[in-house]
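K.L.:
Have a look; sequence and predicted model below, questions after that.
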Amino acid sequence: MSVVIEGVETTSDKVRALLREGYLRTEVRDFLKVSYQQVRNAAVSAGIEDGLQRGVEVLPAPRPPKRVRADVAVGVLIDGGFSLLGSWVTTETGIGLSVPAPKDPGVYAFVIEGVVKYVGLSKSGLHRRMYNYQKPGPTQTTSQRLNEVIAEHTAAGTAVEIYVAVPPALEWNGLPIHSAAGLEAGLIEMIQPPWNKMGVRSDNKA
């Protein structure tokens, strides 16, 4: 990597040179010792879409993931494959979705003004999980808590956006891996969203 940027003066030019050589954005970040957002901004300004990933791999993690601030984490999520589903809205009976949620299992994030507030997992389908937030059961304490928080924000006119991702099924030595569960745990550890008060696991993963 040092050879690639030899003679290159600015950090942005170094970022672009390394990305064009096929390095991942995370690799560029670590090598140049800059923030992921700085790498992303340099790539976006130059129209470079490469460097997001190299296919699907399951690799051992030699160290915990680097902490990412919640206010820049939404950019990391988008680069990683998350897409905007819609937002929570106020209804006559409480809260609802601006658009229907997919029935696929996956990982989701609640975002307010570009800040990631919560990351969660649905094993049986995002549609069912979002319904649980709208109509939480008596034992679903996490759903009850977030229902109240979301309702307060929507009633005040604050948009609570929903980003979703549906990771593919993986395997290791012929054994199945629930990639969505691992993604949720890794993102919570990396971002530490303020609404994830219960840690990596929550009380319902419907």
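P.N.:
That came in fine, so what should we check first?
K.L.:
Just give me the neighbour total for the residue lying closest to Ala165 once chain neighbours are set aside.
P.N.:
Spatially, and ignoring its direct neighbours in sequence, Ala165 is nearest to Phe82 (4.5 Å; C-beta to C-beta, 6 or more residues apart in numbering). Placement of C-beta: from N, CA and C, glycine included. By other C-beta atoms under 10 Å, 23 other residues sit near Phe82.
K.L.:
the helices in the protein, which residues?
P.N.:
For the chain, the helices defined by DSSP state H cover 11-20, 25-32, 36-45, 70-79, 126-134, 141-155, 179-191.
K.L.:
Which among those helices is found nearest to Thr93?
P.N.:
Among the helices of the chain, helix 126-134 comes nearest to Thr93, with 8.2 Å by C-beta to C-beta.
K.L.:
So which residues make contact with that closest one?
P.N.:
The contact list for helix 126-134 (C-beta atoms under 8 Å, 6 or more residues apart in numbering) reads 85, 94-97, 100-106, 108, 120, 122, 140, 143, 146-147, 150, 162, 164, 166, 204, 206.
K.L.:
ChimeraX command for the buried members of those residues?
P.N.:
Buried residues among these (16 or more other C-beta atoms under 10 Å), as a ChimeraX selection:
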select :85,94,95,97,101,105,106,108,120,122,140,143,146,147,150,162,164,166,204
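K.L.:
same question for stretch 185-203, mean pLDDT?
P.N.:
Stretch 185-203 carries an average pLDDT of 74.
K.L.:
Surely Val28 and Leu18 touch.
P.N.:
Yes. In this structure, Val28 is within contact of Leu18 by C-beta atoms under 8 Å, at 4.7 Å.
K.L.:
show me where pLDDT drops low in the chain?
P.N.:
Residues of the chain meeting the criterion pLDDT under 70: 50-66, 70, 198-206.
K.L.:
Could you list the domains of it?
P.N.:
The record's domain parsing of the chain by automatic domain parsing lists 1-55, 70-191.
K.L.:
Save the ones you listed as CSV, and put in distance to Lys197 too.
P.N.:
CSV is the format used below for the domains of the chain (distance: least, C-beta to C-beta, whole Å):
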stretch, distance to Lys197
domain 1-55, 25
domain 70-191, 8
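K.L.:
rewinding a little: dump the helices of the chain to CSV, plus distance to Trp172.
P.N.:
Output for the helices of the chain, formatted as CSV (distance: least, C-beta to C-beta, whole Å):
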stretch, distance to Trp172
helix 11-20, 30
helix 25-32, 22
helix 36-45, 27
helix 70-79, 24
helix 126-134, 25
helix 141-155, 29
helix 179-191, 11
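K.L.:
Show the contacting residues for the residue sitting nearest the centre point of the chain.
P.N.:
Against the mean C-alpha coordinate of the chain, by C-alpha atoms, centre = their mean, the closest residue is Leu77 at 3.7 Å. By C-beta under 8 Å, 6+ apart, the contact list for Leu77 reads 109, 116, 163, 165, 187.
K.L.:
So which of these is surrounded by the most neighbours?
P.N.:
Val116 (30 neighbours).
K.L.:
what sits against the residue nearest to it when sequence neighbours are not counted?
P.N.:
Among residues not flanking Val116 along the chain, Ala73 sits closest, at 4.3 Å (C-beta to C-beta, 6+ apart). Shown in contact with Ala73 (C-beta under 8 Å, 6+ apart): 115-116, 187, 190-191, 193.
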